[in-house]
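Student: Give me the fold of what follows.
(4 chains)
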2 protein chains.
Amino acid sequence: MAFTIKNSAKNGNSTSASNRVEVILDAPTAAAQVDGEAPLTYLNKGQYYTLSLKDKTNTDASITSTVVIMFHDENYRKVASNYWKFWRTQQDNPQQARAIDIESSKSSGVDDIEFQYFDRIAFKWRGAVGANIVIRFNCLSTDFSRIKGVKGIPLRLYTESVASDRVEKGYCRIKLFRDKNVRTKMMQSISRDSWKS
Amino acid sequence: MAFTIKNSAKNGNSTSASNRVEVILDAPTAAAQVDGEAPLTYLNKGQYYTLSLKDKTNTDASITSTVVIMFHDENYRKVASNYWKFWRTQQDNPQQARAIDIESSKSSGVDDIEFQYFDRIAFKWRGAVGANIVIRFNCLSTDFSRIKGVKGIPLRLYTESVASDRVEKGYCRIKLFRDKNVRTKMMQSISRDSWKS
DNA sequence: AAAACCGGTTTC
DNA sequence: GAAACCGGTTTT
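Tutor: From the prediction side, this is the model:
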């Protein structure tokens, strides 16, 4: 029952009119709401999700991509280091805690995976082949405060791909929940094209 | 709309059949439930409550009483220090954090108030006069775990009074909530005699 | 897997 | 002050 959130052609501040790299988050249980804001995809902490990358031009070149988990709202991003610092203290092993992980054995088409930072994964792939990475998140949208009973903070799954000296950016607005299962409570409708460039 | 929870004659392991010291918790908004367990009184963190002490024999002697906030269940009391240690780390000033406080200016008939420990108050009063102490709790029943969504731990308001070389003990099962207002949600019935000796 | 529970928070 | 919201937890 997989369903995909596609990289839409809708453009933000990119210099080119169309995107060469297409990113798709395969979120089996995700749904999206419209609050008048960006669509929201619900994901579960610890669960595996596949992120597919394709070069629409099929050029046989090496592309370097970085996948980052960050706060969606600008106000939160301004003081992100404080939130992550708090998150870190709540983890079992603050030193080696990672907010996002890649499952190499389930991923394909990727090379030179780097875990330089706790909040991102960098890797290379070939445009003619494409890449499928299986990722997992180790944080909850409610992990950034000890206050009980409050709404979780919307996060952003952000990608940056460098192909032929050109940088393409894209992101998806997500919320991370605790449940291992589908969070049926708030499932409402299925939306596409929530991946923005 | 004050209502009182009286020190019942019901006896546990006291050596005497009746109690000389009567303790009454004046809990304006409290209610009690019967789970087949001890009655439970709901209190609000930060709110003032009056505890009255009387010498039923009206003897004009000095009585030393101690009021303690502790865990009601034995299993929790066994590892109480761990819970309180955690609670302490969550407080603004772990060093001088107190779980229970007395408002001296509103209290009457008390002398030599001692704050030797964070979880108790000791003081002297005269049997012929009685004492009214106004106390306040600085902890929540949910403060002993960072897990969100779980039930709060039942606590115990415990008193120990020394009069004429005789020690009288009593307690009341309570739960401390956040609300500054009445927690009408779970108010069900009014019960008396929930103060056990 | 679904529904109820829990209690702090927010809204009305 | 009452009711709805929120999401982690527990129960069924």
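
Student: give the contact list for A:Phe123.
Tutor: A:Thr64, A:Ser65, A:Ile102, A:Val110, A:Asp111, A:Asp112, A:Ile113, A:Glu114, A:Ala131, A:Ile133 (CB atoms under 8 Å, 6 or more residues apart in numbering or on different chains). Bear in mind the C-beta positions are built from the backbone N, C-alpha and C, glycine included.

Student: Distance of it relative to DNA strand D?
Tutor: As judged by CB to the nearest atom of the strand, to the nearest Å, A:Phe123 and DNA strand D stand 29 Å apart.

Student: tell me the secondary structure for that residue?
Tutor: Secondary structure assignment for A:Phe123 (DSSP: H, G, I helix; E, B strand; the rest coil): strand.

Student: thinking again about what came up before, any chance of TSV for the contacts of A:Phe123, columns secondary structure and distance to A:Cys139?
Tutor: Shown next, in TSV, are the contacts of A:Phe123 (DSSP: H, G, I helix; E, B strand; the rest coil; distance: CB to CB, whole Å):
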residue	secondary structure	distance to A:Cys139
A:Thr64	strand	25
A:Ser65	strand	21
A:Ile102	strand	15
A:Val110	strand	22
A:Asp111	strand	27
A:Asp112	strand	25
A:Ile113	strand	20
A:Glu114	strand	20
A:Ala131	strand	24
A:Ile133	strand	18
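
Student: Between those, which sits nearest chain B?
Tutor: Ranked by distance to chain B (CB to the nearest CB), these are led by A:Ile102 at 28.2 Å.

Student: So what's the residue count around the nearest residue to that closest one once chain neighbours are set aside?
Tutor: Spatial nearest neighbour of A:Ile102, excluding adjacent residues (CB to CB, 6 or more residues apart in numbering or on different chains): A:Ile121 at 4.9 Å. Other residues within reach of A:Ile121, judged by other CB atoms under 10 Å in any protein chain shown, total 23.

Student: my guess is A:Ile121 meets A:Glu103, correct?
Tutor: No: the criterion here is CB atoms under 8 Å, and A:Ile121 misses it with A:Glu103 at 10.7 Å.

Student: what sits in contact with each of the two?
Tutor: A:Ile135.

Student: Just the buried ones out of the contacts of A:Phe123, please.
Tutor: Those of these that meet the buried threshold are A:Thr64, A:Ser65, A:Ile102, A:Val110, A:Ala131, A:Ile133, by 16 or more other CB atoms under 10 Å in any protein chain shown.

Student: neighbours of the closest residue to A:Ser108 other than its chain neighbours, just the number please.
Tutor: Leaving out its chain neighbours, the residue that sits closest to A:Ser108 by CB to CB, 6+ apart is A:Asn132, at 5.0 Å. A:Asn132 sits with 17 neighbouring residues when counted by other CB under 10 Å.

Student: I figured A:Asn132 was touching A:Thr50, is that so?
Tutor: Yes: between A:Asn132 and A:Thr50 a contact is recorded at 5.7 Å, counting by CB under 8 Å.

Student: mind listing what's buried in the helix or strand encompassing A:Glu168?
Tutor: A:Glu168 is part of strand A:166-177 when elements are defined by DSSP states H and E. Under the neighbour-count criterion of 16+ other CB under 10 Å, strand A:166-177 has A:Glu168, A:Lys169, A:Gly170, A:Tyr171, A:Cys172, A:Arg173, A:Ile174, A:Lys175, A:Leu176, A:Phe177 buried.

Student: swap in stretch A:61-75?
Tutor: A:Ile63, A:Thr64, A:Ser65, A:Thr66, A:Val67, A:Val68, A:Ile69, A:Met70, A:Phe71, A:His72.

Student: and that stretch, how far out from the chain's middle?
Tutor: 7 Å (CA atoms, centre = their mean, to the nearest Å).

Student: Determine the number of other residues adjacent to the one residue in chain A that gets nearest to DNA strand C.
Tutor: Relative to DNA strand C, the nearest point of chain A is A:Gly149 (2.6 Å; CB to the nearest atom of the strand). Around A:Gly149 there are 9 other residues, counting by other CB under 10 Å.

Student: what's near enough to touch it?
Tutor: Contacts of A:Gly149 by CB under 8 Å, 6+ apart are B:Lys148.

Student: Recalculate using a threshold of 10 Å.
Tutor: Neighbouring residues of A:Gly149 by CB atoms under 10 Å, 6 or more residues apart in numbering or on different chains: A:Thr142, B:Thr142, B:Lys148, B:Gly149, B:Arg178.

Student: There's contact between the third one and B:Thr142 in this structure, I believe.
Tutor: Yes: in this structure, B:Lys148 sits in contact with B:Thr142. The criterion is CB atoms under 10 Å, and the distance is 8.8 Å.

Student: Residues that sit against both of those two, list them.
Tutor: The contact sets of B:Lys148 and B:Thr142 overlap at A:Lys148, A:Gly149 (CB under 10 Å, 6+ apart).

Student: Have a look at these two and say which one is more surrounded.
Tutor: Regarding B:Lys148 and B:Thr142, a neighbour count based on other CB under 10 Å identifies B:Thr142 as having more, with 21 against 15.

Student: of all the residues in chain A, which ones are close to chain B?
Tutor: Listed as neighbours of chain B in chain A under the rule CB under 10 Å from any CB of the partner chain: A:Gln90, A:Leu140, A:Thr142, A:Ser145, A:Arg146, A:Ile147, A:Lys148, A:Gly149, A:Val150, A:Arg178.

Student: show me where chain A has helices.
Tutor: A:74-78, A:80-90 (DSSP state H).

Student: just these: most buried one?
Tutor: Ranked by mean neighbour count, those are led by helix A:80-90 with a mean of 14 (mean count of other CB atoms under 10 Å in any protein chain shown).

Student: How far off centre is that helix?
Tutor: Per CA atoms, centre = their mean, the centroid offset for helix A:80-90 relative to its chain is 19 Å.

Student: Show me what that helix is packed against.
Tutor: Packed against helix A:80-90 by the contact rule (3 or more CB pairs under 10 Å, 6 or more residues apart in numbering or on different chains; DSSP states H and E) you find strand A:62-71, helix A:74-78.

Student: okay if I get the ones you listed as TSV plus mean pLDDT and distance to DNA strand D?
Tutor: Putting the helices and strands packed on helix A:80-90 into TSV (pLDDT from 0 to 100; distance: least, CB to the nearest atom of the strand, whole Å) gives the following:
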stretch	mean pLDDT	distance to DNA strand D
strand A:62-71	98	14
helix A:74-78	97	14
